[in-house]
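Q: Generate a structure from the sequence data that follows.
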Amino acid sequence: MMRTPLLALLIALLPLPALADEPDAPVRKTTELEAVRVEGHAAKSDAGAALAGFGSADPHAAPATIRTITREQLDDHHVRTLSELAHEDAALGDNYAPVGYYQNLSIRGYPLDLGTGYRLNNLIISGEQILALEDKQAVQVLKGLAGIDAGVIEPGGVVNFVSKRPAEVRAATIGVDSHGSRHVAIDAGTWLSESFGLRFNAASESLRSFVKDADGHRDFHALAADWQIAPGATLELDGNYQRSAQLSASGFQLLGGRVVPVEIDRSILLGHQAWQRPVGIHSANTSARLLIDLAQDWQLRLAAGRSRSVIDDNVAFAYGCYYTAACADGSHPGNYFSPDGDYDIYDYRSPDDTRSSDQIRATLAGSFRSGMIEHQIDVSLAAFHRSIERHRNVNEYVGSGNIFDAVVPQFPPSPEQPGVRVLRLDSWQRSLSLLDRMSLGEHWQLLIGAQHARIDERAWNKRAELERATRLTKTLPQAALLWQMQPSLTAYLSYGEGLSLGKQAPFWTSNDGDSLGPRHSRQLEGGIKWRTSDALDLNASLFRMRQPWQFAQPDASAAGFSFVERGEEVHSGIDVSADGHVTENLDVHASVAWIRARAQRSGTPSYEGHQLVNVPAWRSSVFLDYRFDALPQLTLFGGWRHAAANPATPDGRVRVDAYDVFDLGLRHTSQWREHDLTWRLGIDNLFNRFYWRDTGSSDGDSYLFPGAPRLVHASLSLEW
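A: Residues are numbered from 1 along each chain as shown. Purely as a prediction, here's the structure:
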C-alpha cells in the first residue's frame, strides 16, 4: 500500500538550483503607508483558475463549462456544507446528503465519485469527509468530461477547492443562527521575508441542526505556505485537519415504494435511540506543488498530495420495513418504508472506517512555433492510489417505529460487536496525458489530446475474501475547436471521452455484492463565453453525455431484481450563467440548467421515455446584490432557487413536487477604530417552504431528504 512521503519529497526538492535565467523576483514585502480608503469594483477574477487539463489557458479560453464561486459569495450566502454549496449553481444537486454525515453532489445529473470527484488545488481528496470552506478562496465547478488529466471520474465533472494563499491579512469572524449554532473563524497571513509567506485559518463551530437532537461540533485548522526557493522556482504547501462529531439523520423513504410521505415533521430524527452516538469524522489533507521555470516559455510542475478520512459511524438507522407487519409477508417491498409509515431501526456501527488517497503528478508545459502554427504543449504523468480499510460492521435490527411517532420507541442496542479490520479496496490509477493547443492564425485554436489510463483494482468483502479484480487499460481522446473573434468572445465545440468505475449490486438483488465493469463515457459540448467587461461574464453551453447504464432490472429471479449493465443513460441539456457587475450598483450570480436525462435500450420499457431519478428537468439559481447610492456601505442581496418536479422511482411514476425557495440578506461595511468591519444578516428559505431537496440513492437504496426550514443567520467580521 502506497504512502506518499511528503516530507521526504520536500527535502529532495529543496536543494534544486535556479533552472532558468530570470530577473530577480519582485519584492513581496510591503512598506506601511498612511491608511487610505479606496472604494470601487475589482476586475473580474478567476481565483485559482489554473484547472488542470487545459494547458495554460484561463477558464475563459477553456473548451468547457467552468463556474467559479467566490469567497464573497460563500460568506454572503452562509455556505457551510456541500448541500448549501449546491444552491450556488443550477447544474449542481444533492445526491445523498444527510444532516450530520459526509455529503455528495451531482453535476448535470451524474453523482460524483466520492473517491475521485473532489479536488483540493487540483489534487484528488477523499470525498468521505466534511469539507470545510473557511480556508478556501474559491470553489470551481468543472462540468462534464473535460480536462484530459481529470482522471477516472464520473462524467458529470469535478469540484475543485482553491486554497487561500499567503497575504498580509488579519481577520476574525463570529456568527450565530436561529437554531442556536455558533461559529468562530480566524484568518491570518503574512510574508515573513521577501520570498516566504504563511496563511493560517482556524474555525470552531457548535452545530445545532433543524433536525431535533442531530447536534454536534467541529474544529478545523489549515496552514498554507508559499516559498520562492530561487528565481523561477516556487513551492506551495497546504495542510488542513478537521475533526467533527454530530448525530446523523436518516433519510425518509417512499411509503410502500409508491407514495411520497406528506404532512411529516422534517425536524424528526428518525429512529433516534438514547444509546445512539455521534458520527465522528477526522480528516487531513496535505499537498505540495513545485513550479520550476526551465527556460523561456517552458515550465515543470510537480505535485503530490495525501488525503485521509477516518469515520466512526454510529447510527440508529431508519431503513425499510422487512420486520413490520405490513412487509414481513412480502406483500410490500422491504427496502422502502411500509404504506402506513412504519420503518425498521438498525443498530449500525462501523468504527475506524479509513479512506486514504495519495497522488503524484508531473507536468511539463511549454510552447514553440512550427511554421505558421504556435503549439502549447502539456505532457503529464500521474499516479493515484486509493485504499479503504474497514472493520466488519454491526448492522442489526433492534425494533420498528413510524414516521408519525411523536416520540420514537426505544429498544436495547444489539450485543454484537464489530469484527476485525480488513483491507476492502486497493486501487491504482496511472495515466499519461498529452495535450497540444494549436493557434491557427489570429482567431482559431485547435486542441488535440489524449490520456492513456490504466486501472489496477482489487476489492475484498467483509470476510477478507477477494471479491473482484479489475485490470483495464484505455486511451481516452479529447478534441476541441475554439473561435475567438475577439479576446472577450470565445466559441467552442469539444468532444471528450472518460472512464468511471463500475457500481456494486445492492443487497436486495439476486447478484448481491457483485461489482460490474468500468463504464466508458462520451461527451459532445458546444458553448459561447462572452466577457462583456472586466466585471461581467456570460456563458452558455449545449451538451450531450452518454454512459452505459448499470441498474437493478426487474426479472423473474427469487429476489425480483438483478443488477445489470444494459443500454445507456443519456443526459442532454443547456447550461446558462451570468456572473459579475451588471451596473455600478447591481451584481448578479445566476445560472439556469435544463437537463433531459433518459435511459435507452435498457430492455425495461417502463424505465425509458421519462426523466431519470433525482434529475429535475429544470433548475435555476439567481442571486442579486444591490448597493444603495444613499447608503453606499449597505448591500441588499436576495436569492431565488427553483427545481422542477423530481423523479423518485425508476419508472417515473412517483415524483416529488417542484419548489421555489427565496433567500434574503444584508451586508454592511464600516470602519471601527480604522479597522474594516462587516456585518451580515441573512434569512434562508424566507417563506419557510417545505420541499424535498434530494431523491438520491446510496448503495442502491433510494432516500428522500427534506430541505431546511427558515433559518436566520448573522455574522460579524473584523479585519485589521
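Q: Backbone dihedrals for Leu74, both of them.
A: Main-chain dihedrals, Leu74, degrees, to the nearest 10: phi -60, psi -40.
Q: OK, contacts around it?
A: Contacts for Leu74 were tallied using Cβ atoms under 8 Å, 6 or more residues apart in numbering; they are 133, 136, 139. Every residue, glycine included, has its C-beta placed from N, CA and C.
Q: Likewise for Leu114?
A: Per Cβ under 8 Å, 6+ apart, neighbours of Leu114: 102, 104, 126-128.
Q: Redo the residues you listed as TSV? Include pLDDT and distance to Tyr691.
A: Formatted as TSV, these follow (pLDDT from 0 to 100; distance: Cβ to Cβ, whole Å):
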residue	pLDDT	distance to Tyr691
Tyr102	96	23
Asn104	97	19
Ser126	96	30
Gly127	96	25
Glu128	97	27
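Q: so how far is Ser370 from the nearest residue to Met438 once chain neighbours are set aside?
A: Nearest residue to Met438 in three dimensions, chain neighbours excluded: Leu446, at 4.7 Å (Cβ to Cβ, 6 or more residues apart in numbering). Leu446 sits 13 Å away from Ser370, going by Cβ to Cβ, to the nearest Å.
Q: the more surrounded of these two?
A: Leu446 (14 against 8; other Cβ atoms under 10 Å).
Q: on that earlier part again, let's see if you can find the most crowded of the contacts of Leu114.
A: Going by other Cβ under 10 Å, Ser126 tops the contacts of Leu114 with 26 neighbours.
Q: Surely that residue and Ile311 touch.
A: No: counting by Cβ atoms under 8 Å, Ser126 sits too far from Ile311 to count as a contact (9.9 Å).
Q: which residues do these two both contact?
A: Common contacts of Ser126 and Ile311 (Cβ under 8 Å, 6+ apart): Arg355.
Q: So which bits of the longest strand seen in the chain are buried?
A: The longest strand of the chain (DSSP state E) is strand 342-370. Residues of strand 342-370 classed as buried by neighbour count (16 or more other Cβ atoms under 10 Å): 342-351, 353-361, 363, 365-366.
Q: Could you find the closest non-adjacent residue to Leu247?
A: Nearest residue to Leu247, sequence neighbours excluded (Cβ to Cβ, 6+ apart): Ala214, at 4.6 Å.
Q: hang on, the earlier thing: check which strands are paired with the one helix or strand the residue nearest to Met438 maps to and give the direction for each one.
A: Leu446 belongs to strand 444-460 when assigned by DSSP states H and E. Within its sheet, and counting by DSSP bridges, strand 444-460 is paired with strand 421-440 (antiparallel), strand 466-486 (antiparallel).
Q: These: which one's closest to Gly271?
A: strand 421-440 (25.8 Å; Cβ to Cβ).
Q: For the residue nearest to the spatial centre of the chain, grab phi and psi.
A: Centroid-nearest residue in the chain, with Cα atoms, centre = their mean: Val159, separated by 4.5 Å. For Val159, the backbone dihedrals (degrees, to the nearest 10) come out as phi -110, psi 120.
Q: quick one: it and Asp113 touch, right?
A: No: at 11.3 Å, Val159 does not count as touching Asp113 under the criterion of Cβ under 8 Å.
Q: For the stretch 151-300 of the chain, which segments count as strands?
A: Counting by DSSP state E, counting those that start in this stretch, the stretch 151-300 of the chain has these strands, from start to end: 157-163, 169-177, 182-191, 196-207, 216-230, 233-246, 279-295, 298-319.
Q: quick revisit: which one of the contacts of Leu74 sits closest to Pro415?
A: Nearest member of those to Pro415, counting by Cβ to Cβ, is Leu133, at 41.0 Å.
Q: measure Ser488 to Ile595 for me?
A: Ser488 is 28 Å from Ile595, where distance means Cβ to Cβ.
Q: Which of those two has more residues huddled nearby?
A: With neighbours defined as other Cβ under 10 Å, Ser488 and Ile595 compare such that Ile595 has more, 25 against 14.
Q: Okay, and the beta partners of that one?
A: Applying DSSP bridges, one finds that Ile595 bridges with Gly573.
Q: give the contact list for Asn314.
A: For Asn314, counting by Cβ under 8 Å, 6+ apart, the contacting residues are 276-280, 348-349, 351.
Q: of those residues, closest to Phe662?
A: Using Cβ to Cβ, the contacts of Asn314 come closest to Phe662 at Val279, 31.7 Å.
Q: Could you tell me the per-residue confidence at the closest residue to the closest one other than its chain neighbours?
A: Leaving aside its chain neighbours, Val279 sits nearest to Ser248 (4.6 Å; criterion: Cβ to Cβ, 6+ apart). At Ser248, the pLDDT value in this model is 96.
Q: next one: Pro17
A: pLDDT at Pro17 comes out at 34.
Q: Please apply the same query to Ser56.
A: At Ser56, the model reports a pLDDT of 53.
Q: likewise Pro26?
A: For Pro26, the predicted pLDDT is 39.
Q: Just the strands from the stretch 551-700 of the chain, written as ranges.
A: Going by DSSP E, counting those that start in this stretch, the stretch 551-700 of the chain shows strands at 561-581, 586-600, 618-627, 634-643, 646-647, 655-656, 659-672, 675-684, 692-694, 697-698.
Q: possible to save those strands as JSON lines with distance to Ser431 and mean pLDDT?
A: Converted to JSON lines, those look like this (distance: least, Cβ to Cβ, whole Å; pLDDT from 0 to 100):
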{"stretch": "strand 561-581", "distance to Ser431": "24", "mean pLDDT": "96"}
{"stretch": "strand 586-600", "distance to Ser431": "28", "mean pLDDT": "97"}
{"stretch": "strand 618-627", "distance to Ser431": "33", "mean pLDDT": "97"}
{"stretch": "strand 634-643", "distance to Ser431": "36", "mean pLDDT": "97"}
{"stretch": "strand 646-647", "distance to Ser431": "35", "mean pLDDT": "96"}
{"stretch": "strand 655-656", "distance to Ser431": "40", "mean pLDDT": "97"}
{"stretch": "strand 659-672", "distance to Ser431": "41", "mean pLDDT": "96"}
{"stretch": "strand 675-684", "distance to Ser431": "41", "mean pLDDT": "96"}
{"stretch": "strand 692-694", "distance to Ser431": "33", "mean pLDDT": "95"}
{"stretch": "strand 697-698", "distance to Ser431": "28", "mean pLDDT": "90"}
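Q: Next up, identify which helix or strand the closest residue to Leu364 other than its chain neighbours is on.
A: Spatial nearest neighbour of Leu364, excluding adjacent residues (Cβ to Cβ, 6+ apart): Val379 at 4.8 Å. Element membership for Val379, per DSSP H and E: strand 373-391.
Q: Tell me the strands beside the following helix or strand past that strand, with direction?
A: Per DSSP H and E, strand 373-391 leads on to strand 394-402 as the next helix or strand towards the C-terminus. The pairing partners recorded for strand 394-402 under DSSP bridges are strand 342-370 (antiparallel).
Q: and the partner strand, how far out from the chain's middle?
A: 11 Å (Cα atoms, centre = their mean, to the nearest Å).
Q: Kindly report the same for stretch 225-243.
A: 24 Å.
Q: end to end, how far does that stretch reach?
A: Using Cα to Cα, to the nearest Å, the end-to-end distance of stretch 225-243 comes to 22 Å.
Q: Could you pull up the mean pLDDT of it?
A: 97.
Q: Please apply the same query to stretch 700-707.
A: Rounded mean pLDDT across stretch 700-707 is 95.
Q: distance between the ends of it?
A: Chord length of stretch 700-707, first to last residue, is 22 Å (Cα to Cα).
Q: How about stretch 69-84?
A: 12 Å.
Q: any weak-confidence spans in the stretch 101-250 of the chain?
A: Filtered on pLDDT under 70, the stretch 101-250 of the chain yields the residue ranges 146-151.
Q: switch to 90 and redo it
A: 145-153 (pLDDT under 90).
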